[in-house]
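with the sequence up front, the predicted model follows.
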Amino acid sequence: MNAVDLVQAPAGTVAGRRTGRVRRFLGIPFAEAPVGARRFAAPVPRGRFTQSFDATRHGATSQHVPLFDTTTVPEPSVPGDDVLNLGVVAPVDAVACPVLVWIHGGGFLAGSPASPWYDGRAFARDGIVTVTPGYRLGVDGFAPLEGVPPNLGLRDLLLALDWVRENIAAFGGDPDRVTVAGQSAGGAAVLALLSSPLGVGRFHRAVSVSGGLFEVGTDTARGFAGRLADRLGVPPTRDGFAGRTVESLQQGVRLLRHGRGDDDPLVLGPVVGDDVLPVPAAEGLATHGQDVPLLLGATGDEFDGGAPTIRNTAARAAGTRVTDTLFRAACPRTASARRDAVAGTWLYSFEWPSPVTGGSTHCVDIPFFFDVLDAPGSTEALGTRPPPELATAMHADLAAFVHGRSPAWQPAAGRPGDPAREYGRPGAAPSADTTGVFDPVVPAASGAMGRC
């Protein structure tokens, strides 16, 4: 049964819903709506609510047009302009609980914080407050345009973290125990924020799930923006794009990507050279965030699923797959960059093969980490019998990390034979410690690349 739940926060009075032992406050604006003169500008903190804010439903999403008709993660689009909002899911009677700030994925072009896969009810059960912020996507969030601050999407996330620091205690969270986490582009955003001088002090632990060192070259991003502008019949400038709605820009991106006008896997995203990312993330990780414990990993197959064959096995060993070059390679590289960090870096690999996708593919690990195997869309991605014991093991490890405990396995240093934890490998326990799962292989005489 739902009951109205009021919170008096520095941001103002927020009215959410209580269901059993879980409280939900959804769609809370943390910044002014990025419209008009604010559309291509740095985010501005939201003024204090003068009346009780209705936080009983998800707020508007930056994704107005999904990039694909069908995605593994259910990614609802919610109309509206007030897209810089966040949700809070907390235990009833929470006091100074650790906080998990979850950043959604979607290639920096799409995605939604309103996904039922990101519901924090299991974390609330375990004494954790979950926060799910939205951020600007695509052209509005990451196009390098003259006169526009770079990396607006990352600036949105930094402001969301400021909101957490100032307001989360009112919802039962501890502002001094904040873990920032995310998957895919969200995991890449975590690594970018961890490497940024502006991220220092805004969070205390970090988790990157299938993330990577996903900076986009300025020439690549400008080239894509130029092709998009040509398709739309506008100049590739701030004024040119501002003359089109967010919907039309996202529809143009969708058509350009589907029309194979662009083969680059990443066309818009964080760019290097401003105050947010003055240097590439791999370099910044060796300087900043050294006191922040980091948990990161990848699925075994990411975007290279399908029936397991000898050929696929050979490709996996040779590291020639998109999975290895974009995702798994980032794990030892990040550990190596942080080898002298005072805080540890722990690696994991998700190996459970979904019977639907034919492998341990991109995104299928999320319902296990969130322990929401009953969430809408799970059956379509995981089949009818995903192993609950795997969800129990993975969620427990993540919850323990957010609570401040070090993982049970040894940290990594980016060297051959690094320790890691494997989840869901067929024939093994739900979680098992191993070594060398991210090791590169010696290149064969044919010139095959190493795994990482």
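Sure thing, it's come through.

rest of the way, CA atoms for contacts and neighbours
OK.

can you give me the strands for the stretch 51-200 of the chain?
53-54, 85-91, 97-103, 129-133, 173-183 (DSSP state E, counting those that start in this stretch).

just want the angle from the longest one to strand 97-103.
It stands for strand 173-183. For strand 173-183 against strand 97-103, the angle by axes from the mean of the first three to the mean of the last three CA atoms, to 10 degrees is 30 degrees.

burial check on residue 255, number of neighbours?
For residue 255, the neighbour count with other CA atoms under 10 Å is 16.

any idea how far it is from residue 67?
9 Å (CA to CA, to the nearest Å).

and if you look at residue 142?
Applying CA to CA to residue 142 and residue 67 gives a distance of 16 Å.

so which of these two has more stuff around it?
More crowded of residue 142 and residue 67, by other CA under 10 Å: residue 142, with 26 against 21.

my read: that one touches residue 150, true?
Yes: counting by CA atoms under 8 Å, residue 142 touches residue 150, with 6.7 Å between them.

show me the common contact partners of those two, please.
residue 271 (CA atoms under 8 Å, 6 or more residues apart in numbering).

secondary structure class of the residue lying closest to residue 232 once chain neighbours are set aside, three-state.
Nearest residue to residue 232, sequence neighbours excluded (CA to CA, 6 or more residues apart in numbering): residue 252, at 7.0 Å. When classified by DSSP: H, G, I helix; E, B strand; the rest coil, residue 252 comes out as helix.

just the one 3 residues further on next, same as before
Using three-state DSSP as the criterion, the local structure at residue 255 reads helix.

and it, what is it in contact with?
Counting by CA under 8 Å, 6+ apart, residue 255 touches no other residue.

which residues in the stretch 201-350 of the chain form helices?
Counting by DSSP state H, counting those that start in this stretch, one finds helices in the stretch 201-350 of the chain at the ranges 218-232, 238-242, 246-258, 281-284, 310-318, 322, 330-337.

apologies, that question was intended for the stretch 51-200 of the chain.
Counting by DSSP H, counting those that start in this stretch, the helices of the stretch 51-200 of the chain are 121-125, 138-142, 152-167, 185-195.

and the closest residue to residue 56 other than its chain neighbours, what element?
Leaving out its chain neighbours, the residue that sits closest to residue 56 by CA to CA, 6+ apart is residue 16, at 4.9 Å. Residue 16 belongs to strand 12-19 when elements are defined using DSSP states H and E.

pairing partners for that strand, with directions?
strand 2-9 (antiparallel), strand 22-29 (antiparallel), strand 53-54 (parallel) (DSSP bridges).

and the ones you listed: which comes nearest residue 437?
Closest to residue 437 of those is strand 22-29 (CA to CA; 37.9 Å).

re earlier: JSON lines please, covering the helices of the stretch 201-350 of the chain and showing mean pLDDT.
Formatted as JSON lines, those follow (pLDDT from 0 to 100):
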{"stretch": "helix 218-232", "mean pLDDT": "94"}
{"stretch": "helix 238-242", "mean pLDDT": "97"}
{"stretch": "helix 246-258", "mean pLDDT": "93"}
{"stretch": "helix 281-284", "mean pLDDT": "95"}
{"stretch": "helix 310-318", "mean pLDDT": "52"}
{"stretch": "helix 322", "mean pLDDT": "66"}
{"stretch": "helix 330-337", "mean pLDDT": "95"}
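
which of those is buried the deepest?
helix 330-337 (a mean of 23; mean count of other CA atoms under 10 Å).

contact partners of that one?
Residues contacting helix 330-337 (CA under 8 Å, 6+ apart): 211-213, 282-283, 285-286, 296-298, 345-347, 412-415, 438-439, 452.

in strands, which of the residues you listed appear?
296, 297, 298, 345, 346, 347 (DSSP state E).

what would the residues you listed look like in JSON lines with neighbour count, distance to residue 87 and pLDDT?
Shown next, in JSON lines, are those (neighbours: other CA atoms under 10 Å; distance: CA to CA, whole Å; pLDDT from 0 to 100):
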{"residue": "296", "neighbour count": "28", "distance to residue 87": "24", "pLDDT": "97"}
{"residue": "297", "neighbour count": "28", "distance to residue 87": "25", "pLDDT": "97"}
{"residue": "298", "neighbour count": "31", "distance to residue 87": "26", "pLDDT": "95"}
{"residue": "345", "neighbour count": "28", "distance to residue 87": "28", "pLDDT": "98"}
{"residue": "346", "neighbour count": "24", "distance to residue 87": "28", "pLDDT": "98"}
{"residue": "347", "neighbour count": "29", "distance to residue 87": "28", "pLDDT": "98"}
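
could you count how many residues lie near the residue lying closest to residue 199 once chain neighbours are set aside?
Spatial nearest neighbour of residue 199, excluding adjacent residues (CA to CA, 6+ apart): residue 193 at 5.2 Å. Residue 193: 28 surrounding residues under other CA under 10 Å.

report the contact partners of residue 193.
Residues near residue 193 by CA under 8 Å, 6+ apart: 154, 199, 276.

by mean pLDDT, which helix or strand of the protein comes out lowest?
Lowest on mean pLDDT, DSSP states H and E among the helices and strands of the chain sits helix 310-318, with a mean of 52.

just give me the neighbour total for residue 33.
Neighbours of residue 33 (other CA under 10 Å): 19.

in which helix or strand would I find it?
Using DSSP H and E, residue 33 falls outside every helix and strand.

apart from its chain neighbours, what residue comes closest to residue 354?
Here the residue nearest residue 354, using CA to CA, 6+ apart, is residue 382, at 5.3 Å.

what's the answer for residue 240, then?
Residue nearest to residue 240 in three dimensions, not counting chain neighbours: residue 234, with 5.3 Å by CA to CA, 6+ apart.

shouldn't residue 288 be in contact with residue 196?
Yes: Residue 288 lies in contact with residue 196 (CA under 8 Å); the separation is 6.5 Å.

more neighbours, those two?
More crowded of residue 288 and residue 196, by other CA under 10 Å: residue 196, with 23 against 20.

what about that one, distance to residue 182?
Per CA to CA, residue 196 is found 16 Å from residue 182.
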